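*Asks:* this one's structure only:
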């Protein structure tokens, strides 16, 4: 059936592949997030010291947006869409009609 | 009635069911994960409100000189303190990896080191408060500095409490290699990493930029 979690394409490019997984369930993923943010912070410090604090602010905002995009994509993937739930409910009703075991469990 | 009829249609009626029917839940997300997600999001919003206040004061209210004249932030000490806190994330990660391999000694060592490093961070921060030369009543900068770092310090304190419980349990031999047997270490670890990530951002905003 389409729309299953294991069949939906995951964000697998660049930083997304490094941070793939659920940081709320797996400490390893959270730790990778920490290391990635630590490296990003070092670059912000370098920009602040070598160029200017204003440039560091801009670079920091760019990094924050990048992190937010990765995080939001992960959350959207984790939550799924209402269409997926509706289609699975529909499957359940169809299964109930022919007396088979409800799907999704 | 509906659940009973559905159960009957599958050939087994649960005669022992009491209370309200089970709550509806999304088919794609575990309720526990959803709870943690909402908690983390609320924490991000809480810190976000303080960051918004900080940058508003910095950019709009007092744009001339930042930090104000006469204020000297101890960047070196705060940097060392940052290294101490980041190190504690590595030690708690080590503790969790140790118990995943069944290494109880490594678990206890990692948790103890994490607790000591976290307590050191708090001690240095309190010492910094005592010697920094201004108070929360000394203008907007003082207020937002102590609010933001104090909010984070409160989170470190809560994290230390969680690690204290985990450490006591570790010394009593409560944890094991299976995931369900070391959740009491994994959940505080995730929280601790979150606290560290927040400190990195606080440190950058206040001391570096």
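*Replies:* Nice, I can see it. Computed from a predicted model, the values in this text were never measured in an experiment. Numbers count the residues shown, from 1 in each chain, chains lettered A, B, ... in the order given.
*Asks:* when you work out contacts or count neighbours from here on, use the C-alpha atoms and nothing else.
*Replies:* Noted.
*Asks:* pick out the residue of chain B closest to chain A.
*Replies:* residue B:209 (5.0 Å; C-alpha to the nearest C-alpha).
*Asks:* so which bits of whichever helix in chain B runs longest are buried?
*Replies:* In chain B, taking DSSP state H as the definition, the longest helix is helix B:139-171. By neighbour count on 16 or more other C-alpha atoms under 10 Å in any protein chain shown, the buried set for helix B:139-171 is B:140-142, B:144-146, B:148-149, B:152-153, B:155-156, B:158-160, B:162-164, B:166-167, B:170-171.
*Asks:* and stretch B:58-74, by the same measure?
*Replies:* Buried, per 16+ other C-alpha under 10 Å, within stretch B:58-74: B:58, B:67.
*Asks:* residues in contact with the closest residue to chain B within chain A?
*Replies:* Relative to chain B, the nearest point of chain A is residue A:53 (5.0 Å; C-alpha to the nearest C-alpha). Contacts here follow C-alpha atoms under 8 Å, 6 or more residues apart in numbering or on different chains; on that basis residue A:53 touches A:47, B:208-209.
*Asks:* where does the prediction get shaky in chain A?
*Replies:* Chain A contains residues with pLDDT under 70 at A:1-20, A:80-105.
*Asks:* now residue B:203, what's its secondary structure?
*Replies:* Of the three states, residue B:203 takes helix under DSSP: H, G, I helix; E, B strand; the rest coil.
*Asks:* err, residue B:72, not the other one
*Replies:* Going by three-state DSSP: residue B:72 is coil.
*Asks:* can you give me phi and psi for it?
*Replies:* phi -120, psi 110 (degrees, to the nearest 10).
*Asks:* list the contacts of the nearest residue to it once chain neighbours are set aside.
*Replies:* Spatial nearest neighbour of residue B:72, chain neighbours left out: residue B:132 (7.8 Å); criterion: C-alpha to C-alpha, 6 or more residues apart in numbering or on different chains. By C-alpha under 8 Å, 6+ apart, the residues touching residue B:132 are B:72-74.
*Asks:* all helices for chain A, in order.
*Replies:* For chain A, the helices defined by DSSP H occupy A:15-18, A:27-50, A:53-79, A:82-97.
*Asks:* of those helices, flag the one that's most buried.
*Replies:* helix A:27-50 (a mean of 18; mean count of other C-alpha atoms under 10 Å in any protein chain shown).
*Asks:* orientation of that helix relative to helix A:53-79 in degrees?
*Replies:* Here helix A:27-50 points in a direction 160 degrees away from that of helix A:53-79 (axes from the mean of the first three to the mean of the last three C-alpha atoms, to 10 degrees).
*Asks:* what are the contacting residues of helix A:27-50?
*Replies:* A:18-24, A:53-57, A:59-60, A:63, B:89, B:93, B:186-187, B:189-190, B:193-194, B:196-197, B:200-201, B:204, B:208-209.
*Asks:* could you pick out the buried ones from those residues?
*Replies:* Here, 16+ other C-alpha under 10 Å leaves A:19-24, A:53, A:55-57, A:59-60, A:63, B:89, B:93, B:186-187, B:189-190, B:193-194, B:196-197, B:200-201, B:204, B:208-209 buried among these.
*Asks:* contacting residues for residue B:114?
*Replies:* So residue B:114 contacts B:88-89, B:91-92, B:163 (C-alpha under 8 Å, 6+ apart).
*Asks:* so how far is whichever strand or helix holds it from its chain's centroid?
*Replies:* Assigned by DSSP states H and E, residue B:114 falls within helix B:104-131. Remark: helix B:104-131 is offset 14 Å from the chain centroid, using C-alpha atoms, centre = their mean, to the nearest Å.
*Asks:* stretch B:64-81 too?
*Replies:* 25 Å.
*Asks:* could you tell me the end-to-end distance of that stretch?
*Replies:* Its first and final residues considered, stretch B:64-81 spans 29 Å by C-alpha to C-alpha, to the nearest Å.
*Asks:* repeat that for stretch B:196-209.
*Replies:* Stretch B:196-209 end-to-end distance (C-alpha to C-alpha) = 18 Å.
*Asks:* which residues touch residue B:142?
*Replies:* By C-alpha under 8 Å, 6+ apart, the contact list for residue B:142 reads B:134-136.
*Asks:* perfect, I'm done here.
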